[in-house]
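**Q** Following is a predicted model, sequence given first.
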Amino acid sequence: MPYTFKLALRHLLSTPGQTVLLMLGVAVGVSVFVFMSALIGGLATLLTLRTVGNIPHITMEMAERDPEQVVPGRNVQVVVQKDLSRREQIAVWEPAVAMVEATEGVVAVSPQIRGSAFVQRGQAIAPVGVIGVQPDKISAIVDIEGALVSGTAVLSPDTVLIGRTLADDLGLRTGQVVVVRSDRGRERSFRIGGIFSLGISTADRQALYMNFRTARALFDLPSGISRIEIKVSPPAAAPQIAARLRRATGLKTQPWTEENAQLFEALDAQGRTGTIVKTFALITVVIGIASAMLLSIVRRRSEIGIMRAVGASQRFVLGIFVIEGTLIGAIGAMAGALLAWLALIPFPPLEAVEGGGLPVDRAQGDYLVAILLTTVASAIASVISAQRATRIDPVEAIGA
Amino acid sequence: MTAEPLVRVRGLRKVFGEGDAAAVVLRGVDLDLSRGEMATLLGPSGSGKSTLLTILGTLLRPSEGLHHMLGQDLSTASDAERTRFRNKHIGFVFQFHHLLPDLTALENVMMPAATSRGKETASMRSRAAELLDAVGLSDRRDYRPAALSGGQRQRVAVARSLMNEPPLVLADEPTGNLDRHSADQVMALLDQINRDTGTCFLISTHDEHIAKHCRRHIELLDGALV
């Protein structure tokens, strides 16, 4: 064992109570660091999960064409503008869907036919957004099956699924019949196959799910589709995957992150707050160790003097106190990380967090970072403090 | 042609402070010490004994004059060179033993060798054990200083000063803090070591009784040798 290490250990063991208190102080600082990391990380994950859980991560639609000048000239301009009388559609969609399904990171794909319609029951009428999906993909993007409050999620050609608010507004129950009139002027009767409650007010009030083939007829789309909705894993990879798909298909792709910029700003602000709290926890640790080292050096002034007198170099003396401070920091940090890990066990997993509960994610505790940062900071604090030990004049210190 | 003495000091002056506040502590000291000498440095308090010892021990630089030991000019050597030289060639015994409280007697004796090597070795351990045996403390090697009497602590300090087999041991009032019986024991020990090993001892004291153990008396008065 290096001699400096042995002397540093002896120093620590000579006042065990003080050493334990110092390490405990470091441990508390590191626990705060770990707890904040787990809380901020958990909160971000929970918010992201809740935000991305019931939305498509990427939406693909026909690229909108800007007005285009087709005959250039000084006096006459002929431009092509969007034809508002025709529905935008992805005409050749099956190869596109196959290509998307084969893309790395994509976990679910749902080709959809979308359009506006009115639902009528007796004299009551309500506007809805129709989502025509393939029956086997009813829960591919939004977990309709998990949100059902009555009926089933089976989409036969003559059934539709509606949200609970719409059902309440129109006084509808499962099994009852409604008339759906599309914005193309076509209408048809459907049976309510199921009622869902997603907890998203617009969806619960205005979304109406129907069979893909039935929607084709209702919206005059014999072959094309309106859009492709995609789920990816991890959700954070959506912008990159969207860009890849845009290049590959030429379609307009929109990742969920573009429409949720505010969420990212909030997460950023939250992350910065966490960093500030963690920084202060670390500063407290550094100040604690630096002052402990200074006190130790003052108390051991004559010992330093005698070591210098018998020929110990300044570097040797510096080494003892740097090792001493670093040991306090490293052991305290490990104890703090362990304590925090144990203290976080009782918190429920993120999926089980309910209103008012702290969304703490134990896996995001940054334990290693906390230990490494604290150890390095302790070493730096010790080096700064221990400079004082090297300046001690042995003649004055031992009163020779 | 005479052989080079162990220590040669010429025109040594030491002044503390500057200007009107300057205090001249040593005024041109010329001194030679040879191997195997047992010398006492006598003088009243404030005569400059401790200052001369700390300069000879390379703990303090002289304001003027030459300080050679083993043929090396220590007055111009760097701090790091002087530290290494001190560790290797000079032993110290202080009035207050100045042992490290967290180390055992054996570990304290090993300390000068361990600091320079950066570790404790088996050969250091056996050398330290021999030295403790020589000072009559073989049964106290695992005791910490707090568990030893004043005389025993000073004997551990003597053993420590000999650890690196230095040719010169400087002792500043080594018995000043001991009762007469312990003081006589320590002096007899130094005398014995001097005879057995040829180590040169320069012992500062103002106690005439202690001085009787030494064959050479160097007297200092107001910073000058008498």
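**A** Ah, there it is. Numbering: from 1, shown residues only, chains lettered A, B, ... in the order given.
**Q** Quick check, the residue in chain B closest to chain A?
**A** Taking Cβ to the nearest Cβ, chain A has its nearest neighbour within chain B at B:N87, 2.2 Å off. In this view, the C-beta of every residue, glycine as well, is placed from N, C-alpha and C.
**Q** contacting residues around that residue?
**A** A:V310, A:G311, A:A312, B:P112, B:T115, B:S116, B:N164 (Cβ atoms under 8 Å, 6 or more residues apart in numbering or on different chains).
**Q** what do you get if the cut-off is 10 Å, keeping everything else the same?
**A** Taking Cβ atoms under 10 Å, 6 or more residues apart in numbering or on different chains as the contact definition, B:N87 lies against A:308-313, B:58, B:112-113, B:115-116, B:163-164, B:166.
**Q** how would you label the most centrally placed residue in chain B: helix, strand or coil?
**A** Nearest to the geometric centre of chain B sits B:L170, at 1.8 Å (Cα atoms, centre = their mean). In three-state terms, and counting by DSSP: H, G, I helix; E, B strand; the rest coil, B:L170 is strand.
**Q** B:G46 too?
**A** coil.
**Q** now the angle from the lengthiest helix in chain B to strand B:168-172?
**A** Determined from DSSP state H, the single longest helix within chain B is helix B:180-197. Going by axes from the mean of the first three to the mean of the last three Cα atoms, to 10 degrees, helix B:180-197 is angled at 170 degrees with respect to strand B:168-172.
**Q** Just give me how far the helix or strand that helix B:180-197 is followed by sits from the chain centre.
**A** Downstream of helix B:180-197, the next assigned helix or strand under DSSP states H and E is strand B:200-205. Relative to its chain's centre, strand B:200-205 lies at 7 Å (Cα atoms, centre = their mean, to the nearest Å).
**Q** next helix or strand past strand B:200-205?
**A** helix B:208-211.
**Q** Report the rounded mean pLDDT for that next one.
**A** What helix B:208-211 shows for mean pLDDT is 78.
**Q** which one is A:V52 nearest to, not counting chain neighbours?
**A** A:P235 (4.3 Å; Cβ to Cβ, 6 or more residues apart in numbering or on different chains).
**Q** check contacts around the one you found.
**A** Neighbours of A:P235 in contact, by Cβ under 10 Å, 6+ apart: A:T48, A:L49, A:T51, A:V52, A:G53, A:I55, A:H57, A:I58, A:G105, A:P255, A:W256, A:T257.
**Q** And A:Q364, by the same measure?
**A** A:V34, A:S37, A:A38, A:L39, A:I40, A:G41, A:G42, A:L43, A:A44, A:T45, A:L350.
**Q** so the second one touches A:D366, yeah?
**A** Yes: contact status for A:S37 versus A:D366: in contact at 3.8 Å, counting by Cβ atoms under 10 Å.
**Q** Overlap in contacts, these two.
**A** A:K278, A:A340.
**Q** one step back: the contacts of B:N87 into a markdown table, with extra columns for secondary structure and neighbour count?
**A** Shown next, in a markdown table, are the contacts of B:N87 (DSSP: H, G, I helix; E, B strand; the rest coil; neighbours: other Cβ atoms under 10 Å in any protein chain shown):
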| residue | secondary structure | neighbour count |
| --- | --- | --- |
| A:R308 | helix | 26 |
| A:A309 | helix | 25 |
| A:V310 | coil | 25 |
| A:G311 | coil | 26 |
| A:A312 | coil | 26 |
| A:S313 | coil | 18 |
| B:T58 | coil | 24 |
| B:P112 | helix | 28 |
| B:A113 | helix | 25 |
| B:T115 | helix | 24 |
| B:S116 | helix | 18 |
| B:M163 | coil | 21 |
| B:N164 | coil | 20 |
| B:P166 | coil | 20 |
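**Q** from these, which is closest to A:G224?
**A** Closest approach between these and A:G224, by Cβ to Cβ: A:S313, at 83.4 Å.
**Q** roughly how far apart are A:T59 and chain B?
**A** A:T59 sits 67 Å away from chain B, going by Cβ to the nearest Cβ, to the nearest Å.
**Q** all helices of chain B, in order?
**A** Counting by DSSP H, the helices of chain B are B:49-56, B:79-89, B:105-117, B:122-134, B:150-161, B:180-197, B:208-211.
**Q** Check the closest residue to chain B within the stretch 1-150 of chain A and give its pLDDT.
**A** With distances taken as Cβ to the nearest Cβ, the stretch 1-150 of chain A approaches chain B most closely at A:R10, which sits 4.0 Å away. The per-residue pLDDT reported for A:R10 equals 92.
**Q** Quick one: residues contacting A:I192.
**A** A:119, A:121, A:150-151, A:159-162, A:166-167, A:170, A:172-178, A:208.
**Q** so A:Q240 makes contact with A:V106?
**A** No: in this structure, A:Q240 is not within contact of A:V106 by Cβ under 10 Å, at 11.9 Å.
**Q** list the residues that contact both of the two?
**A** Joint contacts of A:Q240 and A:V106 (Cβ under 10 Å, 6+ apart) are A:V232.
**Q** So which of these two has more stuff around it?
**A** A:V106 (19 against 12; other Cβ atoms under 10 Å in any protein chain shown).
**Q** what does chain A put close to chain B?
**A** By Cβ under 10 Å from any Cβ of the partner chain, the part of chain A that sits against chain B consists of A:1-7, A:9-15, A:300, A:302-303, A:305-317, A:319-320, A:393-395, A:397-400.
**Q** Narrow the residues you listed to just the buried residues.
**A** Neighbour-count burial (16 or more other Cβ atoms under 10 Å in any protein chain shown) is assigned, among these, to A:3-7, A:9-12, A:300, A:302-303, A:305-314, A:316-317, A:319-320, A:394-395, A:397-398, A:400.
**Q** out of the residues you listed, which are inside helices?
**A** Reading helices off these with DSSP H, I get A:3-7, A:9-12, A:302-303, A:305-309, A:314, A:316-317, A:319-320, A:394-395, A:397-398.
**Q** In chain A, which residue sits closest to chain B?
**A** Taking Cβ to the nearest Cβ, chain A has A:G311 as its residue nearest chain B, at 2.2 Å.
**Q** That residue against B:R117, yeah?
**A** No: checked against Cβ under 10 Å, the pair A:G311 and B:R117 is beyond contact range at 11.2 Å.
**Q** Now do the strands in chain A.
**A** With DSSP state E, the ranges of strands along chain A come out as A:58-61, A:68-71, A:78-80, A:106-121, A:124-133, A:148-151, A:159-163, A:177-182, A:187-196, A:207-211, A:227-232, A:252-255.
**Q** what about the last one, distance to the chain center?
**A** Averaged C-alpha coordinates place strand A:252-255 at 20 Å from its chain's average position (Cα atoms, centre = their mean).
**Q** in its sheet, what does it sit against?
**A** Take DSSP bridges as the rule and strand A:252-255 pairs in its sheet with strand A:58-61 (antiparallel).
**Q** How far does the partner strand sit from its chain's centre?
**A** Distance, centroid of strand A:58-61 to centroid of chain: 21 Å (Cα atoms, centre = their mean).
**Q** what residues are up against A:A281?
**A** A:V28, A:G29, A:V30, A:S31, A:V32, A:F33, A:V34, A:F35, A:M36, A:G336, A:A370, A:T374.
**Q** Confirm for me that A:W256 is in contact with A:T59.
**A** Yes: A:W256 lies in contact with A:T59 (Cβ under 10 Å); the separation is 8.3 Å.
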